[in-house]
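Participant: With the input below, show me the fold.
(one chain, ligands or ions: 2)
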Amino acid sequence: MKIAAVKVIVTCPGRNFVTLKITTDQGVHGIGDATLNGRELAVVSYLQDHVADCLVGRDAGAIEDIWQYLYRGCYWRRGPVTMAAIGAVDTALWDIKAKAAGMPLYELLGGRSRRGVMVYGHASGRDIEETSDEVARYIELGYRAIRAQSGVPGMDSTYGVSADRMYYEPADAALPTENVWSTEKYLDHVPKLFDRLRERFGFGHHLLHDVHHRLTPMEAARLGISLEDYRLFWMEDPTPVENQEAFRLIRKHTVTPLAVGEIFNTVWDCKDLLSEQLIDYIRTTVTHAGGITHLRRIADLAAMYQIRTGCHGATDLSPVCMGAALHFDTWAPNFGIQEYMLHTEPTDEVFPHDYRFSEGELHAGESPGHGVDIDERLAAKYPYRKAYLPVNRLRDGTMWNW
Ligand code: KDG
Ligand code: MG
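Facilitator: Residues are numbered from 1 along each chain as shown. Ligands and ions are numbered 1, 2, ... in the order given. Predicted coordinates:
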């Protein structure tokens, strides 16, 4: 079965998504997500101008060889644009292979390791009480794990607090919105949030929190210590990850579990954190880490060190990524948890999918492939709209991490 056509589809049913569609000479097609939030068109060009022609005529079943061809063959290895492009090709080819085999993708990966995939939902509010009420709502909806983020007194905005109750969309403007950040105010506030949540709900649910790269290593250690009594499932991205040695320092001080990796692209980014057991959950997912083929390598390395997966699942990853990730999660022996942020209704209509939520879990579905498709006619009704993530500055104007 040969690759006959390669098409890149850009659509914005509320937010931008880039989808790669590969069709074979036997009429089977597969799709992959290539969305890189705020830099979408860079991946579109990479795929259209530099990848599509190289794929036509190749054996669609040679997934590993095509992965190596695109990775080794471009000379300029790694990076988010390259790896998102490779990830989309890889996902589309696994979709095709599983469809051709008449199997759901998880069967092809090695079969089912669990009945369902535990997910965490996103509770947020302008203050602690609003966040607490949102946590109550997620518990009522059946979630067993909930991420909690709250507005911080004295700060106009902070990461993870949604204006809408169920949907979160930080890429909100054609030029980046500028927010003001205060580490002092944040560090003072977060332990109070989790104190209230444990007082109200006890310890029967997993609670998570995303620091979103904001702290220095020592501040992160301090936050980890102050959250220990509340037994978080994880504290995510406490400090920027470029300097992986920082995690040695954080680890020396706190037993609060750590989750890192949503901005990693390859196993090389993860290697030291995994082999030195500096984290507890690895957050890489299908789209940004080179597809199913490469994500498996990362998961296998993590498994050697008893580190579990916690795939990134924000809404800037399309339902195609979610579908593929759920098949991966269903298989991965060292699966930990899957992030689940609801896509808006128009997005779900553009990307009809098999996966379903029930009792705190997502189920990948049983149809052949990864179970997600794209309605191209509908997608065409939502043209690309420029949208950027915000940036952060300190009170004196210094640029900070968002
Ligand atoms: O595009 C950026 C988002 O994917 C990121 O801000 C979401 O940190 C995130 C998370 O944990 O979902
Ligand atoms: Mg995050």
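
Participant: wait, doesn't I146 sit right on S124?
Facilitator: No - I146 lies out of contact with S124 (CB atoms under 8 Å); the separation is 10.2 Å. C-beta coordinates here come from the backbone N, C-alpha and C atoms, glycine included.

Participant: more neighbours, the two?
Facilitator: A direct count of neighbours by other CB atoms under 10 Å for I146 and S124 places I146 higher, at 26 against 22.

Participant: What separation do you get for that one and G125?
Facilitator: 12 Å (CB to CB, to the nearest Å).

Participant: Same question for A174.
Facilitator: Counting by CB to CB, the gap from A174 to G125 is 28 Å.

Participant: Closest residue of the stretch 301-402 of the chain to ligand 1?
Facilitator: A314 (3.4 Å; CB to the nearest ligand atom).

Participant: got it, and the stretch 151-300 of the chain?
Facilitator: Closest point on the stretch 151-300 of the chain to ligand 1, by CB to the nearest ligand atom, is D210, at 4.7 Å.

Participant: which residues does that residue contact?
Facilitator: R147, Q149, Y159, G160, E236, D237 (CB atoms under 8 Å, 6 or more residues apart in numbering).

Participant: State the three-state secondary structure for L20.
Facilitator: Classification of L20 using DSSP: H, G, I helix; E, B strand; the rest coil returns strand.

Participant: partners of it in the sheet?
Facilitator: Beta-bridge partners for L20, by DSSP bridges, are V8, G32.

Participant: Can you give me the neighbour number for it?
Facilitator: 30.

Participant: pretty sure it is touching I3, no?
Facilitator: No - look at L20 against I3 with CB under 8 Å: they stay out of range, at 11.5 Å.

Participant: L208: what's its closest spatial neighbour, skipping adjacent residues?
Facilitator: Setting aside the residues directly before and after it, L208 is nearest to R147 in space (CB to CB, 6 or more residues apart in numbering), at 4.2 Å.

Participant: now A4
Facilitator: D25 (4.5 Å).

Participant: For that neighbour, which residues are in contact?
Facilitator: Neighbours of D25 in contact, by CB under 8 Å, 6+ apart: M1, K2, I3, A4.

Participant: Could you grab the helix/strand/coil label for the last one?
Facilitator: Of the three states, A4 takes strand according to three-state DSSP.

Participant: Would you mind giving me the confidence score for it?
Facilitator: A4 is assigned 98 on the pLDDT scale.

Participant: Tally up the residues packed near it, please.
Facilitator: With other CB under 10 Å as criterion, A4 counts 17.

Participant: One more: the first one?
Facilitator: With neighbours defined by other CB under 10 Å, the count for M1 comes to 14.

Participant: I'd like to know how far it sits from T23.
Facilitator: 11 Å.

Participant: How about the residues of the protein by ligand 1?
Facilitator: With the criterion set to CB under 6 Å from any ligand atom, the chain comes near ligand 1 through N37, P170, D210, H212, E262, H312, A314, D316, E339, L389.

Participant: thought the first one was touching L389?
Facilitator: Yes - under the contact definition of CB under 8 Å, N37 touches L389, with a separation of 6.3 Å.

Participant: Out of A174 and G125, name the residue with the larger neighbour count.
Facilitator: Remark: of A174 and G125, G125 carries more neighbours, 20 against 8, as counted by other CB under 10 Å.

Participant: what about C74, which helix or strand?
Facilitator: Using DSSP states H and E, C74 sits within no helix or strand.

Participant: And for M341, nearest residue in space, chain neighbours not counted?
Facilitator: Going by CB to CB, 6+ apart, M341 has T315 as its nearest residue, at 4.7 Å.

Participant: Quick one: residues contacting the one you found.
Facilitator: R15, Y167, Y168, E169, M341, L342, H343, T344, T347.

Participant: wait, doesn't the second one sit right on L342?
Facilitator: Yes - using CB under 8 Å, Y167 makes contact with L342 at a distance of 6.2 Å.

Participant: between those two, which one's more packed in?
Facilitator: Legend: neighbour count by other CB under 10 Å for Y167 and L342, higher for Y167 (17 against 14).

Participant: and that one, what is it in contact with?
Facilitator: Here Y167 is in contact with T315, M341, L342, T344 (criterion: CB under 8 Å, 6+ apart).

Participant: so the first one sits in a helix?
Facilitator: No - residue state for T315 (three-state DSSP) corresponds to coil; a helix is not indicated.

Participant: I'd like the numbering to begin with 54 instead of 1 from here.
Facilitator: Taking 54 as the first residue, the last one we looked at is T368.

Participant: Cross the residues of the chain next to ligand 1 against strands and list the overlap.
Facilitator: Among the residues of the chain next to ligand 1, the members found in strands (DSSP state E) are D263, E392.

Participant: quick one: which two of the residues of the chain next to ligand 1 are the most distant?
Facilitator: Largest separation among the residues of the chain next to ligand 1 by CB to CB: E392 and L442, giving 17.0 Å.

Participant: Who has more neighbours out of the two?
Facilitator: E392 (25 against 16).

Participant: Helices of the stretch 154-303 of the chain, start to end?
Facilitator: Listed in chain order, the helices of the stretch 154-303 of the chain (DSSP state H, counting those that start in this stretch) span 158-162, 181-193, 236-254, 270-280, 299-306.
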